[in-house]
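>>> Okay, sequence plus prediction incoming.
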Amino acid sequence: MTDALGWRKKFGVLAPSTNTIVEPDFHTMAVPGVTSHTSRIYLRNQDLSSDEKMVQLLEAIAQELFSAIDRVMTAGVDYLIMAMSAETFWEGKAGNLDFIKRVEDYAGIKVASCASAYQAALAAFQVNKIAVIAPHPAIADDKIRSFFSDIGIEVVRLKSLRCPTAISIAEVSENTLRTHLQELDGDDIEAIVQMGTNLSMLRLADEMERSLAKPVIAVNAATWWYALRQNDIHDQIYGCGRLLREF
């Protein structure tokens, strides 16, 4: 027997309890026969006002992660998506591989991470020099640069928004993001990459790709694309960026 709506795949989505963007983004990119089912990773404290608070948030995510996996596995999901970027890039390429192994060993099914998605997406576009926009505190800047360096990508410019709480990430306006993307652009970069799954950039990235004439990759688009392609699902999706249309 197959699921009436998820007859191709049922994705279990692991997202922080504060995240209000990734779930509607994934629904926007839905394709026939693939359903997504979100399990909330409980965050008692969403403070991001300092480097120390960011580290504490990541520690809280790690403590609650397996409980969130347990809950979503009861839906009989076929595949997991880790819908938080920092947890996957924080310790570089090796840290991402270790994260994937821990989750897959525990759950017994495969998982897509944001870090793996970006490695595959940038390889698809064949770019080596990027600019990055991210919502995190200062401590994340070197972590971001280190991860991309590990996969052979140079971060030429990085704009960190320094959002004070996890919820406030979702409150950054499209106009603010558009201005930052325009400032990040230049002839010395080949693409712009967004980190932070609670930052709303799905539609804006598609718009900015057209105006800047280069890839502008929203993290939720990259992660959804990666999950689909890893499961041999090759539907084209329009209005959410070149990645989902062309690759």
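Here it is on my side, so go on.

>>> In contact with Thr28, which residues are there?
When the contact criterion is CB atoms under 8 Å, 6 or more residues apart in numbering, the partners of Thr28 are 202, 240. Every C-beta, even on glycine, is put in place using the N, C-alpha and C of the backbone.

>>> can you map out the strands along this protein?
Along the chain, the stretches classed as strands by DSSP state E are 9-16, 34-41, 79-82, 111-113, 129-134, 154-160, 191-194, 216-217.

>>> can you count the residues close to Asp70?
When neighbours are defined as other CB atoms under 10 Å, Asp70 has 12 of them.

>>> what's the distance between it and Ser85?
When CB to CB, to the nearest Å is applied, the distance between Asp70 and Ser85 equals 23 Å.

>>> With Ala124 instead?
Per CB to CB, Ala124 is found 18 Å from Ser85.

>>> what's the answer for Thr20, then?
The separation that Thr20 has from Ser85, given CB to CB, amounts to 16 Å.

>>> Comparing those two, which shows the higher neighbour count?
A count of neighbours by other CB under 10 Å puts Ser85 above the other of Thr20 and Ser85, at 29 against 16.

>>> So the more buried one sits against Cys114, correct?
Yes. Under the contact definition of CB atoms under 8 Å, Ser85 touches Cys114, with a separation of 4.0 Å.

>>> so what sits against both of those two?
Residues touching both Ser85 and Cys114 comprise 195, 197, 219, with contact defined as CB under 8 Å, 6+ apart.

>>> okay, now the closest residue to Asp98 other than its chain neighbours: neighbour count?
Counting by CB to CB, 6 or more residues apart in numbering, Glu91 is the residue found nearest to Asp98 once chain neighbours are left out, at 7.1 Å. Glu91 has 17 neighbours, counted by other CB under 10 Å.

>>> ok, now the one 5 residues further on?
Asn96 is surrounded by 24 other residues when neighbours are defined as other CB under 10 Å.

>>> For whichever helix in the chain runs longest, name the packing helices and strands.
When every helix of the chain is counted residue by residue (DSSP state H), the longest turns out to be helix 51-73. Packed against helix 51-73 by the contact rule (3 or more CB pairs under 8 Å, 6 or more residues apart in numbering; DSSP states H and E) you find strand 9-16, strand 34-41, helix 86-89, helix 92-107, helix 139-150.
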